[in-house]
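A.B. asks: Structure for the following, please:
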Amino acid sequence: ARLHLQQVPGLMGRMADMMDICQDSSQEELMERVMDEMWRFTWHYNLTFPGATADDKTAFWYVNDEFGSRIQHCADPTCRMVPFYYVPTKTSYTLLWLLQDMDSGDEVTRDFAEGITDETERKCRLLPWVQEDLSHISPNEGTAADDSFYWNLLSHCRETLPIPEATANPLTNKQGPYKVYTDIQVIRDNLTDSRFHLVDEDGQADIVWTKEHLRDFKTFSIKQPDIYINQFPCEGVLTVKDCLAYVGQRAVTNQDPEALENGPRWLPTTFNLPYALPQFVSCFQQREARGLDNHWILKPWNLARGLDTQVTDKLHQVIRLSQTAPKVACKYLEDPVLYYREDVGLVKMDIRYIVMLGSVRPLKLYAYRVFWLRFANQPFSLDHLDEYEKHFTVMNYTEGGTKLHQVHYDDFIPIFENQYPDFPWKDVEASIFNAFKELFESAVSRDAPFGIGHYAMSRSLYAIDLMLKWDRNERGGRIMQPMLLEVNYMPDCDRACKYHPNFFNDIFSALFLDDMSDRPVTLIS
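C.D. replies: So this is what the prediction gives:
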């Protein structure tokens, strides 16, 4: 939007006129006013078609012309308006038709919260146009997922659970080399340890490591009880963002329903908007009244690479953005630990660690001590929240891929300790590993489908993305607090293998042979 306002002749003035914004201010101030107000005027549609990618399915936002934008809200509307996309010419229209008879001079109106019948939910959805105080709602009352949520998730994913008695002898009781089937080329290219032998069919294998989700654990555990698989039952409770929030918040057993934060210290305060929009609105309004920071980041439940993800400090923008797809609203880190780039200045960074889950009962969790870093390309500040290269760090997927700033982990550590001499990396890493441990302890604290399920023949690896933020400990001392952002299933390991050719040798040796000697692997639980 900002780019269009800057480049399309006359668009800024036309939008300002439509929004009744005085144009006497500077161009920069006018730009920010229009960018703020546009969420009261924008509407969206999504396209779905065979073969559509995640990028194809993201919402298209549009603004009606002057006539369409002047049509006001009414709970008893005279008309209905919907977007219409004509495929042959790839042209978008807005269709309008009457819902009741009208006389000359009657007002054309529409329902801005169409289809929503719950009174509180309607008040939330109408907040961009109709002010309402919802601060009396307890921010954390009723926000935890009940058991039916997990059963519904299991049914939606069409996942079955392994039979309880399914078991097999560990690989250490077999004669090696151990046969591995994988449909992942980077593993085929890099698993070179002589104790493992690649085979071409899964029926020949001791270990199956596949990119395809295993849904029917029950049948697998009956028909192939002696084959290891690279997935755990119900691991989606960590890899889907709304479930991650629920599992993390489970780590806090005495959550104050009136608190304006939720969850453990290592997880940003999070609201699952399809189920807790009123609670979020209350939290936002209370924080606003107390003068607390109110920057939030909205993330779709199950997309990666920053798709359909936005940062905002405007409640009406949150309301509108939450309508495009199921999203969580996470407290944006307003005071992150920054990294000084000589070519740019102080920028945001995030850190990716690989963790390996070897067992649920008992919990056996490893961390790979080689980590990966990503950096923003513009100096950090809490403004221009729509500028991707200021507020996001994932640059590998930008067009042309020309602005990816890379620093190897063993180069990063001395640079970091030079920039922050009071914070040795070994202490920071210890706090990161402790957060991983507490997250997985929470994830396995309940049996599937409420947590990650136990299956003796399961092994897996996940990528955990995190940032560091400034915080205070119990004594008031300044600390770097790890903040876990997401857990990724089947992460892209091409970069790992490019710089560390033994990556999968290390992973397989630790997970299947419990061999960590002379390897950058730490058992953290």
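A.B. asks: shouldn't residue 470 be in contact with residue 337?
C.D. replies: Yes. Using C-beta atoms under 8 Å, residue 470 is in contact with residue 337, at 6.4 Å. Backbone N, C-alpha and C define where each C-beta goes, glycine included.
A.B. asks: Counting neighbours, go ahead and name the busier of those two.
C.D. replies: More crowded of residue 470 and residue 337, by other C-beta atoms under 10 Å: residue 337, with 21 against 14.
A.B. asks: That one contacts residue 471, doesn't it?
C.D. replies: No. If you go by C-beta under 8 Å, residue 337 and residue 471 don't touch, sitting 10.0 Å apart.
A.B. asks: The residue lying closest to residue 460 once chain neighbours are set aside and residue 446, how far apart?
C.D. replies: Nearest residue to residue 460, sequence neighbours excluded (C-beta to C-beta, 6 or more residues apart in numbering): residue 357, at 5.0 Å. Separation of residue 357 from residue 446 (C-beta to C-beta, to the nearest Å) stands at 16 Å.
A.B. asks: Looking at these two, which one has more neighbours?
C.D. replies: More crowded of residue 357 and residue 446, by other C-beta under 10 Å: residue 357, with 24 against 17.
A.B. asks: Tell me what the residue nearest to residue 460 is bridged to.
C.D. replies: Here residue 357 sits in beta bridges with residue 365, residue 460, going by DSSP bridges.
A.B. asks: does residue 81 sit in a helix, a strand or a coil?
C.D. replies: The local conformation at residue 81, judged by DSSP: H, G, I helix; E, B strand; the rest coil, is strand.
A.B. asks: can you give me the helices in the stretch 351-500 of the chain?
C.D. replies: Taking DSSP state H, counting those that start in this stretch, the helices of the stretch 351-500 of the chain run over residues 388-391, 409-419, 425-443, 494-499.
A.B. asks: helices and strands around the third one, which ones?
C.D. replies: It refers to helix 425-443. Helix 425-443 is packed against helix 236-239, helix 241-249, strand 349-359, strand 364-375, helix 409-419, strand 460-472, strand 478-489, with contacts defined by 3 or more C-beta pairs under 8 Å, 6 or more residues apart in numbering; DSSP states H and E.
A.B. asks: picking up where we left off before, which residues are common contacts for residue 470 and residue 337?
C.D. replies: With contacts defined as C-beta atoms under 8 Å, 6 or more residues apart in numbering, the residues shared by residue 470 and residue 337 are residue 480.
A.B. asks: Throw the helices and strands packed on helix 425-443 into a markdown table and include distance to residue 5 and mean pLDDT, thanks.
C.D. replies: A markdown table is the format used below for those (distance: least, C-beta to C-beta, whole Å; pLDDT from 0 to 100):
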| stretch | distance to residue 5 | mean pLDDT |
| --- | --- | --- |
| helix 236-239 | 37 | 94 |
| helix 241-249 | 31 | 93 |
| strand 349-359 | 29 | 97 |
| strand 364-375 | 28 | 96 |
| helix 409-419 | 37 | 96 |
| strand 460-472 | 30 | 97 |
| strand 478-489 | 30 | 96 |
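A.B. asks: Per-residue pLDDT of the residue lying farthest from the centre of the chain, please?
C.D. replies: Ranked by distance from the centre of the chain (C-alpha atoms, centre = their mean), the top residue is residue 104, with 50.4 Å. Residue 104 carries a pLDDT value of 94.
A.B. asks: List the contacts of the closest residue to residue 229 other than its chain neighbours.
C.D. replies: Nearest residue to residue 229 in three dimensions, chain neighbours excluded: residue 208, at 5.3 Å (C-beta to C-beta, 6+ apart). Residues counted as contacts of residue 208 (C-beta under 8 Å, 6+ apart) are 180-182, 202, 227-230.
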